[in-house]
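Chemist: Here is my input; please provide its structure:
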Amino acid sequence: MRRRIGMLIFPGMTQLDMTGPYEVLARTPNSVVDLVARTLEPVTSDRGMQILPTVTYETCPVLDLIMVPGGPGQQKLMEDEATLDFLRKQAASATYITSVCTGSLVLGAAGLLKGKRATCHWSALEHLKFLGATPVSERVVVDGNIITGAGVTSGIEFGLTLAAILEGEQAAREIQLQIEYDPAPPFDCGSPKRAPHDMVKRLQARGAKLYEERKAVAARVGTKLGV
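Modeler: Residues are numbered from 1 along each chain as shown. Next comes the predicted model:
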């Protein structure tokens, strides 16, 4: 039997959080990937791309691996009981429970990260502590069957890590070559650890409203979870 992989999609998601790992996992042998949403209506990303779901919460088969991407729309999911119930139900039998970017905050809101090490986009990493997780500033974090990727482009490394776990390192290496994943960024500022301090501060100021909204939701949800 082929393993079933389900990727949650929702309005306001960051499409690369999902499409990066999708490109890898859809090439992984013995796997089929579904895009899961509340309805089969097109889902519009935070930058306007429309994506078609393949299954709904109700019609989604039992999954071997569930993945949640991030994006500004993630806050609403953290208090959406239909979504949280779906995740809890699938997580109960899934072999792997995963996320990219701020999708880990949604997993946390479902109560799936308590006592676990996890990562997130750098701008929201510390919010994981409200949900009972230990924030880790790494591109990909594996803690048992919980696998989380950091922000946006780390989804490709996340996907390759998963491919190695699922089908072995040789399969993952071949996929890496197929997609020519050979990063050579034109600028050395893709992480707050290396970017100029004033650039980090400018981006933090620009995203201050979203930061505070996420923090408030995470704190509120964490209180409900008893963290």
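Chemist: Setting the sequence-adjacent residues aside, check what's closest to residue 138.
Modeler: Distance criterion C-beta to C-beta, 6 or more residues apart in numbering; nearest residue to residue 138, sequence neighbours excluded, is residue 119 at 5.5 Å. Where C-beta positions appear, they are placed from N, C-alpha and C, glycine not excepted.
Chemist: What about the one you found, how many residues nearby?
Modeler: The tally of other residues near residue 119 (other C-beta atoms under 10 Å) stands at 28.
Chemist: quick one, what contacts it?
Modeler: Neighbouring residues of residue 119 by C-beta atoms under 8 Å, 6 or more residues apart in numbering: 104, 125, 135-141, 148-150.
Chemist: got it, and residue 10?
Modeler: When contacts are counted by C-beta under 8 Å, 6+ apart, residue 10 touches 37-38, 43, 71, 73-74, 76-77, 83.
Chemist: So which of those residues wins on neighbours?
Modeler: Most surrounded of those: other C-beta under 10 Å gives residue 74, at 28 neighbours.
Chemist: mind checking pLDDT for that one?
Modeler: pLDDT, residue 74: 97.
Chemist: And it, how far from residue 26?
Modeler: Remark: distance between residue 74 and residue 26 (C-beta to C-beta, to the nearest Å) = 23 Å.
Chemist: Mind naming the longest helix for the chain?
Modeler: helix 208-225 (DSSP state H).
Chemist: by contact count, what packs against it?
Modeler: In terms of contacts (3 or more C-beta pairs under 8 Å, 6 or more residues apart in numbering; DSSP states H and E), helix 208-225 is packed against helix 74-77, helix 103-109.
Chemist: going on from the longest one, what's the next piece of helix or strand?
Modeler: Right, helix 103-109. strand 117-118 (DSSP states H and E).
Chemist: hmm, back to that, so of the helices and strands packed on helix 208-225, which one's packed in deepest?
Modeler: Comparing those by mean neighbour count (mean count of other C-beta atoms under 10 Å), helix 103-109 ranks first with a mean of 30.
Chemist: pretty sure residue 142 contacts residue 164?
Modeler: No. Using C-beta atoms under 8 Å, residue 142 makes no contact with residue 164, being 10.5 Å away.
Chemist: Of the contacts of residue 10, which pair is most distant in space?
Modeler: Largest separation among those by C-beta to C-beta: 38 and 71, giving 15.5 Å.
Chemist: check contacts around the residue of the chain most remote from its centre.
Modeler: Here the chain reaches farthest from its C-alpha mean at residue 198, the gap being 27.9 Å by C-alpha atoms, centre = their mean. Going by C-beta under 8 Å, 6+ apart, residue 198 touches no other residue.
Chemist: give me the element it is part of.
Modeler: For residue 198, the element it lies in under DSSP H and E is helix 197-206.
Chemist: repeat for residue 61
Modeler: Short version, using DSSP H and E: residue 61 is in no helix or strand.
Chemist: Residue 161 too?
Modeler: Using DSSP H and E, residue 161 sits within helix 154-167.
Chemist: Residues contacting that helix, please?
Modeler: 3, 16-25, 27-31, 65, 69, 96, 98, 100-101, 139-140, 142, 147-149, 171-172, 175-176, 179, 181.
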